[in-house]
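> sequence below, structure please.
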Amino acid sequence: MALPTVAKAVALALCLAPVSFGAFAISRYQSTSMPCAGIRATILNEGAAIFRWKQPPNIDRFGRYVAHVGYCFIGEEAEVTYIPAADTNACAVLECKPEDDDFFFHRFKPRPN
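Alright, predicted model coming up:
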């Protein structure tokens, strides 16, 4: 007896579900232990990675950096930012930031008195 099309689709989705959960894993690295070229290569190879570092006076900082805007969530855009690396204090990488919503800004910006 053949399964209906909907049942086949549900069965396929259930079979692929465990495979898709691994896609959400993201690697974490210490940015100051890698040269800038290594940081950028890691991001390019993995698509997205979390880098952390210490900022004086001993404050932990971290961020999620991406290869391109396709790794950002809906409503975000990829913007250039700089993180410290082993060989420089300003390694250029892309970070997802909320999109600039001009409608919201112009509608709700404070008005002069």
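> give me the low-pLDDT residue ranges for this protein?
1-4, 6-24, 101-113 (pLDDT under 70).
> show me the helices in it, by range?
5-21, 36-46, 102-108 (DSSP state H).
> ok, Thr32 - how many residues close by?
17 (other C-beta atoms under 10 Å). Where C-beta positions appear, they are placed from N, C-alpha and C, glycine not excepted.
> just list the residues touching it, thanks.
Contact analysis of Thr32 by C-beta atoms under 8 Å, 6 or more residues apart in numbering lists Trp53, Lys54, Pro84, Ala85, Ala86.
> how about Tyr65?
Ile39, Ile43, Ala48, Ala49, Ile50, Phe51, Thr81, Ile83, Val93, Leu94, Glu95.
> buried subset of the residues you listed, written for ChimeraX?
In ChimeraX syntax, the buried subset of the contacts of Tyr65 is picked out as below (16 or more other C-beta atoms under 10 Å):
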select :39,43,48,49,51,83,93,94,95
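> want to throw the contacts of Tyr65 into a markdown table with distance to Ser27?
Formatted as a markdown table, these follow (distance: C-beta to C-beta, whole Å):
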| residue | distance to Ser27 |
| --- | --- |
| Ile39 | 12 |
| Ile43 | 10 |
| Ala48 | 9 |
| Ala49 | 5 |
| Ile50 | 7 |
| Phe51 | 10 |
| Thr81 | 19 |
| Ile83 | 15 |
| Val93 | 14 |
| Leu94 | 16 |
| Glu95 | 16 |
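> the closest residue to Lys54 other than its chain neighbours and Tyr71: what is the separation?
Nearest non-adjacent residue to Lys54, counting by C-beta to C-beta, 6 or more residues apart in numbering: Asp60, 6.3 Å away. Asp60 is 23 Å from Tyr71, where distance means C-beta to C-beta, to the nearest Å.
> what's the answer for Pro84, then?
Taking C-beta to C-beta, one finds Pro84 at 22 Å from Tyr71.
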